[in-house]
Structures are given as C-alpha cells and as structure tokens.
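Q: my questions are about this predicted structure, shown below with the sequence.
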Amino acid sequence: MRLKTWPVAALGLASLLLLIVVSMLASSRKAQDIYTQLDALNTHHHNVDAKLRRLRSDVNLSGIFVRDYLLDIARERAPDYRATLAEFRQTNMATVTELRALLEGHDEQILSLQAKLDDYWQTFDPLFDWTPAEKIFRSASFLRREVVPRREAVLAIAQEVEELNNANLAEQRAEATRRHAAFRDDLDRLLWQSLLLGLAVALTVVFRLRVLERRSEEQRMIATEAEHRMRELSQRLVATQEEERKNLSRELHDHVGQVLTALRMELGRIERTRAPSDVGTGPAVGECRRLVDSMVRTVRDLALGLRPSMLDDFGLQPALEWHVRDFTRRYGVNVELNLHGDFDALPDEYRTCVYRVVQEALTNCIRHSQARLIEVTVIGHADRLDVSVTDNGVGLDSARRGEGLGLRGIEERVKELHGEMTIATAPGKGTKLEIRLPLPAGATEVALARAAS
C-alpha cells in the first residue's frame, strides 16, 4: 500500500495555520490586556495625584484665607469668611471620600488623613467669635501654635498617601513588566513552535517530493526505453515489410510473370497447331489468351504497387514519374510533379522513404480530401531533402488526424531518418504535408562531387 503524502502535508499545514491563528489571537488578547492594565494604572495614578494636589492646594489656600481673616478687623464680614471656610472644608472631605474609593487597602492612611483634616478644620471654629482686639493680639500665636502644626500634619499624611500611590504605581508597573516579559516569551515560544512545525512539514514534503521525483525519473527512463524499443520494433517492421514487398514484387515479376508468359506462348502454339476442322478449339484458346493477358496486367500492377522495380533499377525520379502517371490514369486527378536536384546518390532507405511518403500522401488525397489538383515537390539540397504534397481539397479534420495509420506510417518513416513532418490544413482550403530529411555526410559529398563534375 502506497503512502499518500498530501494528507500528511495538508494536516501539517493546517495545524501550522491553526497554531499561528490561535497563537496570534491569544497574543493579541494578552497585548490588549497589558495595554488596558497600563492605561488603567496610569489613569488611577493620575486621579490619585490630582486629588492629592487639590487637597494640598485647598489646605494651603485655607491657611492663607484664615490669615486674611485675622488681618481683617471688620467684624461684619465674619459670616462670609465662615461660609467660604466651610466650603473649603466640605471640598476637602469630598476629596478624602474620593481618595478612599481610589485607594482600597489603605484605609488606615485615609482615616488618619481624615482625622487630621477634622482636627485642622475644627481649629478654625473659635476664630469667628473673636473680637477685633483678640484678632490683633492672639492671631500670630494662634497661627504659629495651632494652625501651622496641624497643616503640616495634614500635608505629611498627604505626602505619605502620595508615596503609597507611587509605590503602588511602581508595583503595578513591575507586574506589567512581568506580564510583558511573559508575553514576549510566549511570542518566542510561538515562533519556535511554528518554525519547528514548518520545518517538519517542509522536510516531509521535500523528502516525499524527492521520492516522487526519483520514481518519476525512473518511470520516465522506463517509458523512454520502452518508446525507444517500440520505435526500433516499428522500424524493423517497416524494414521487414519493405523487404517482403521487394521480394514479393520480384517473385511476382520473375516467377509468376514468366509462368504466365510461358502459358500465353503455349496457348499460341496450340492455336497454330490445331486442325482447321476443329472449330471449337479456337474460341476457347482466344478466351484463355485474354484471361492470361488480364492476369499478366494484374500481376504487373501488383508487383509495381508493392515496390516498383524501377526504384531499385533506375532511381527515385523515374519511379515517382511512373507513379504519378499511373495515379493520374487510375483516378483522373491532375498531379503536378516538380523535382529539383540530383537524387541518384541517395541511399536506398531515403529513396524508399520519399517514394512511400508521396505514395501514401496521394492515397490520402483520394480517400479523404476530394481534391482535383495535387502538387508534389521534391527538392534536393546539399544537406537535406524537402518534400511537400499540397492539395486543394476539403482539408483534414484535426480531431481525426491521429486516427489514420497512413500518417502514422509516414511519421515513423521520417523519424527513422531523423527528419521532421508538419501538416498545415484548414477546412475548405486543402492540406499541405511537408517533410524535411537531413542527408547523411556520405550522400552529401557524392552529390557535391556530381554537381561539380
């Protein structure tokens, strides 16, 4: 059972993508949590700091306000000062309440601050009952002994609260830094996990691809070797067929033809030696002679169709000229033959290939193209042979082009000689078959020598 690689590769890639997606979502959530924590921490610290500044500012302003009151000897303005001071006190108490909500876990410091503030504000209650003389003689000592110590105590508690807030900020920042370091470690771990998983998938795929490539290369070599053997077999079959045709043509011409000629001569002798009174023998002998003549023509046509002896005896050009004349006589199709070059030095396989190509092409024109005019051109160059057969028929159906054995036979013959075959066709515009055969070095040298002589 063959192992399929694509499910393993697909599972690995899907796992890698899932790991990346889940990790990125988790990382994004952690980063958002860290950002939210830092933002909340900064906001909390800013709020506590702002309220402490407001508390200290109110305490300092209240001291200045009390000093102004003591310097003002007008008794009728005392209610205004009392109301303003009460407003300062109410604002301070509200600020302390807000600080208690913000600084959970530090109730002791907040209660101490609140007690100091109560003591501080209660110190100012008797001031509004003083007479102008008391303000003049007692204000300095009162501020020095009562107000300033209490104010310093309140500011000290506020400073302590601020330090606690700063310590809490530092602690929270340390926690945020720790979470950030853990987040960075998670990202590093995700990176390494992704790299390891990707490396495993890549190694698996590369190994499998290497195995498949090696197997594909082996299969390609086997297919190439099989194609080479098939081509050799096809070439041997073609050569054997051609040899059998040559032998059969020679046998028909030499043996069967001679027997039929001898039979005709014997019939002539019988006709000459028969008695004048034998009136029945003459017509029978004449009929036999007509039958023998018909058989002679049939045997001759068969022999020439299998392989014309003039191709071996006289060369390519006479054989093509005879075949074109016979083709025109048989089918009534006008065929123009154009031959250019010296073909006497061509090896036998080249003469046979060109003759069979032209023969098969003309046969295809009669069977399929419905052509009325065919042009055959053979041009011999110094290094190659160019052969083309062009007709004015209905064209070749490209869908059925590879079904015919004739074209396959032509292509096999051409490939055997390392040549090329091309077919240009269009519906209603005829077909043009072209082949190009490279000539061997020996034939080229002989042709050049003959051309020079």
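A: That came in fine, so what should we check first?

Q: use CA for all of it now, contacts and neighbours both
A: Will do.

Q: where do the helices sit along this protein?
A: With DSSP state H, the ranges of helices along the chain come out as 5-71, 78-102, 107-122, 132-142, 148-251, 257-273, 281-306, 309-313, 316-331, 348-364, 405-416, 441-452.

Q: between these, which gets nearest to residue 428?
A: Of all the helices of the chain, helix 348-364 sits nearest to residue 428, with 15.8 Å by Cα to Cα.

Q: pull the residues that contact the closest one.
A: 311-312, 315-316, 319-320, 323, 374, 376, 387, 389, 406-407, 410, 413-414, 417, 433 (Cα atoms under 8 Å, 6 or more residues apart in numbering).

Q: kindly recompute the last result at 7 Å.
A: Helix 348-364 has contacts (Cα atoms under 7 Å, 6 or more residues apart in numbering) with 316, 320, 389, 406, 410, 413.

Q: filter those down to the buried ones.
A: 316, 320, 389, 410, 413 (16 or more other Cα atoms under 10 Å).

Q: may I see those residues organised as a markdown table, with distance to residue 17 and pLDDT added?
A: Formatted as a markdown table, these follow (distance: Cα to Cα, whole Å; pLDDT from 0 to 100):
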| residue | distance to residue 17 | pLDDT |
| --- | --- | --- |
| 316 | 72 | 84 |
| 320 | 72 | 87 |
| 389 | 62 | 91 |
| 410 | 57 | 82 |
| 413 | 57 | 80 |
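
Q: between those residues, which is nearest residue 209?
A: residue 413 (39.2 Å).

Q: distance of that closest one relative to residue 163?
A: Spatial separation of residue 413 from residue 163 under the definition Cα to Cα, to the nearest Å is 104 Å.

Q: repeat that for residue 415.
A: Distance, residue 415 to residue 163, by Cα to Cα: 99 Å.

Q: same check, this time on residue 207
A: From residue 207 to residue 163 the distance is 65 Å (Cα to Cα).

Q: what number of residues are in the vicinity of the residue nearest to residue 256 when sequence neighbours are not counted?
A: Leaving aside its sequence neighbours, residue 256 sits nearest to residue 299 (Cα to Cα, 6 or more residues apart in numbering; 7.6 Å). Close neighbours of residue 299, defined as other Cα atoms under 10 Å, add up to 18.

Q: give me the mean pLDDT for stretch 244-258.
A: On average, the pLDDT along stretch 244-258 is 69.

Q: turn the helices of the chain into TSV, columns for distance to residue 426.
A: Shown next, in TSV, are the helices of the chain (distance: least, Cα to Cα, whole Å):
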stretch	distance to residue 426
helix 5-71	45
helix 78-102	93
helix 107-122	102
helix 132-142	124
helix 148-251	30
helix 257-273	45
helix 281-306	31
helix 309-313	34
helix 316-331	24
helix 348-364	16
helix 405-416	17
helix 441-452	36
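
Q: most tightly surrounded among these?
A: Mean neighbour count, computed with mean count of other Cα atoms under 10 Å, is highest for helix 348-364 among the helices of the chain, reaching a mean of 19.

Q: now do it: distance to the chain's middle.
A: With Cα atoms, centre = their mean, to the nearest Å as the basis, helix 348-364 stands 46 Å off its chain's centre.

Q: any idea of the mean pLDDT in that helix?
A: On average, helix 348-364 scores 86.

Q: just the C-alphas of it, formatted as CSV.
A: Extracted C-alpha coordinates of helix 348-364, given in CSV (Å, rounded to 0.1, in the frame of the first residue of the first chain):
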residue,chain,number,x,y,z
ASP,A,348,18.1,3.1,-50.6
GLU,A,349,16.3,4.0,-47.3
TYR,A,350,16.0,7.6,-48.4
ARG,A,351,14.6,6.7,-51.8
THR,A,352,12.2,4.3,-50.3
CYS,A,353,11.1,6.8,-47.6
VAL,A,354,10.4,9.6,-50.2
TYR,A,355,8.6,7.3,-52.5
ARG,A,356,6.4,5.8,-49.7
VAL,A,357,5.6,9.3,-48.4
VAL,A,358,4.4,10.5,-51.8
GLN,A,359,2.5,7.3,-52.4
GLU,A,360,0.7,7.4,-49.1
ALA,A,361,0.0,11.2,-49.3
LEU,A,362,-1.6,10.7,-52.8
THR,A,363,-3.6,7.8,-51.5
ASN,A,364,-4.9,10.0,-48.6
